[in-house]
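# only geometry, no sequence info:
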């Protein structure tokens, strides 16, 4: 009796959001500029959730997530421009996004394997190098336009797609984190040696965490490429990775809700600061400096609202 | 020793770069025993425990646990086989609650008896039950030690490796923890105890090995070693 309403209640919010995302632009209640910004917010939410999995929950420090995003963006773009027939493209878009994510996950191995032997600052340098390798490789691949970039993608990314991807990402992350696997991820952050001693297969957990994180960044890259319809290697430089770090540390490390919040605040803030021109690129790094000094855990560090958590996390017995 | 050995260590060598920390140590522990390794700082006690748990590679030697070669297994699989190290400094997950710490220790298990084991840990350490929602990092030293032992129990340890469980604890708490260890031993858990507090260790252990600069120099029943003049002079303060 009580199961059905709960089940419906759980679906109500996502369904409502999807309906809004579909109706608002269609009914021209949201002007194209706001739709565009909303899509960037959504894409950045996926990127932030992806980075938070590695930086916030696992306690590693990736500064090269734009590299994964680039792999996803270029893979998806090559598919829609050269492989998928134009008529079928809107229908095959989910498959294209998945392919971009898969390619990014594969490239995630480049970082995952070194993470078995090294961590902390040293692994951060590996991720930085990865970001630079991806960017240089793309700049030198004339087939993909080299430094001039790659264009010709149809504008397949729509607000409902973005909202659907954000919701799916949130559900995936939520289920990963509040699972046995998630406890293993957090154990690695707390104390890798103790994690191994409590029978966590630390290598496997790290491998999976990097794969999932890179996959999500790749999907975000695919969405991004099909909003802008033009990508070039420079859009995936270390600056992009810095933006992601700002969003994670603004919203809150180790927090799902914080990831969403950080992405939304930062994206909207940058839009509002457009009149500043070039100076607005100072905002991100400056914000990072201020955050590290005054609120290093971010707005919602290590916290999430109750409804996002697993019931199992509240054990039986007196509190 | 009449029962077959649960743990058999043969000619174990451990080296840090060119420094030989442990030089050809051999010993055996039978199921149900409490065995203690006694030695001064730097004698190689912790190195042996870390190597048994898989945190430090052995340079040479053989280790059999319940007949299985241990040295080729990674740390997490050794824990799954039933060998649990309670490390020096305890290795508590500070930002996780007591309950989550215990839950994590059963990481590799998917059986129905987990709840029963959890109840068992809470029965052994009522303080942990009271503080089950408290973060591990906010517990006192003694409670953290209890939690570390509790975690080892959650992984269904047959052999408990304890590295300095009394370190930094008030005497009363040390008593409490050792009382629980004795109870665990009576219900079948085998214990290898490394202690600086030789008096206490020789009181609870059945047998003891004295380790000096990486080699075993004396061994025998704990009661006999307690009366041994060399042990009395070096470790028990005359």
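Looks like it arrived, so ask away. Fair warning: this is a prediction, and the values are worked out from it, not measured in the lab.
# drop to CA atoms for contacts and neighbour counts, all remaining ones
Noted.
# and the host helix or strand of residue A:16, what does it pack against?
Assessed by DSSP states H and E, residue A:16 sits inside helix A:3-26. Of the remaining helices and strands, those touching helix A:3-26 by 3 or more Cα pairs under 8 Å, 6 or more residues apart in numbering or on different chains; DSSP states H and E are helix A:159-177.
# for the helix holding residue A:16, what is the average pLDDT?
Model confidence over helix A:3-26, given as mean pLDDT, is 80.
# continuing past that helix, what's the next helix or strand?
Of the helices and strands lying after helix A:3-26 in sequence (DSSP H and E), the nearest is helix A:32-52.
# so what's the residue in chain B positioned nearest to chain A up against?
Residue nearest to chain A within chain B: residue B:76 (3.9 Å; Cα to the nearest Cα). With contact set as Cα atoms under 8 Å, 6 or more residues apart in numbering or on different chains, residue B:76 has these partners: A:196-202.
# count the neighbours of the nearest residue to it once chain neighbours are set aside for me.
Take residue B:76 and drop its neighbours on the chain: the residue closest to it by Cα to Cα, 6 or more residues apart in numbering or on different chains is residue A:199, 3.9 Å away. Look at residue A:199: counted by other Cα atoms under 10 Å in any protein chain shown, it has 27 neighbours.
# and the residue of chain B closest to chain A, how far is that from residue A:297?
Distance, residue B:76 to residue A:297, by Cα to Cα, to the nearest Å: 31 Å.
# now do the helices in the stretch 151-300 of chain A.
Chain-ordered helices for the stretch 151-300 of chain A, with DSSP state H, counting those that start in this stretch as the definition, fall at A:159-177, A:180-190, A:192-197, A:202-228, A:238-251, A:256-272, A:280-294.
# same question for chain B.
B:45-53, B:75-81, B:98-105, B:114-124, B:126-130, B:141-154, B:171-186, B:198-204, B:222-227, B:229-234 (DSSP state H).
# okay if I get the ones you listed as JSON lines plus mean pLDDT?
Listed next are these as JSON lines, based on pLDDT from 0 to 100:
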{"stretch": "helix B:45-53", "mean pLDDT": "95"}
{"stretch": "helix B:75-81", "mean pLDDT": "93"}
{"stretch": "helix B:98-105", "mean pLDDT": "89"}
{"stretch": "helix B:114-124", "mean pLDDT": "90"}
{"stretch": "helix B:126-130", "mean pLDDT": "94"}
{"stretch": "helix B:141-154", "mean pLDDT": "92"}
{"stretch": "helix B:171-186", "mean pLDDT": "92"}
{"stretch": "helix B:198-204", "mean pLDDT": "92"}
{"stretch": "helix B:222-227", "mean pLDDT": "94"}
{"stretch": "helix B:229-234", "mean pLDDT": "90"}
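# mind putting the ones you listed into TSV with distance to residue A:191?
Below are the helices of chain B laid out as TSV (distance: least, Cα to Cα, whole Å):
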stretch	distance to residue A:191
helix B:45-53	15
helix B:75-81	14
helix B:98-105	12
helix B:114-124	22
helix B:126-130	21
helix B:141-154	13
helix B:171-186	24
helix B:198-204	28
helix B:222-227	35
helix B:229-234	36
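# helix, strand or coil for the nearest residue to residue A:55 once chain neighbours are set aside?
The spatial neighbour of residue A:55 that comes closest, neighbours along the chain excluded (Cα to Cα, 6+ apart), is residue A:61 at 5.0 Å. Under DSSP: H, G, I helix; E, B strand; the rest coil, the three-state class of residue A:61 is coil.
# for the stretch 101-250 of chain A, list the residues in contact with chain B, please.
A:180, A:183-184, A:187, A:190-191, A:193-194, A:196-202 (Cα under 8 Å from any Cα of the partner chain).
# 10 Å instead, please
If contacts are counted using Cα under 10 Å from any Cα of the partner chain, the residues of the stretch 101-250 of chain A sitting beside chain B are A:180-184, A:186-202.
# now do the end-to-end distance for stretch B:25-41.
Using Cα to Cα, the span of stretch B:25-41 from its first residue to its last is 17 Å.
# give the buried residues for that stretch.
Across stretch B:25-41, burial judged by 16 or more other Cα atoms under 10 Å in any protein chain shown covers B:25-26, B:28-40.
# same question, stretch B:125-140
B:125, B:128-129, B:131-136, B:139.
# now the closest residue to residue B:218 other than its chain neighbours, which residues is it bridged with?
Spatial nearest neighbour of residue B:218, chain neighbours left out: residue B:210 (5.1 Å); criterion: Cα to Cα, 6+ apart. Beta-bridge partners of residue B:210, counted by DSSP bridges, are residue B:38, residue B:218.
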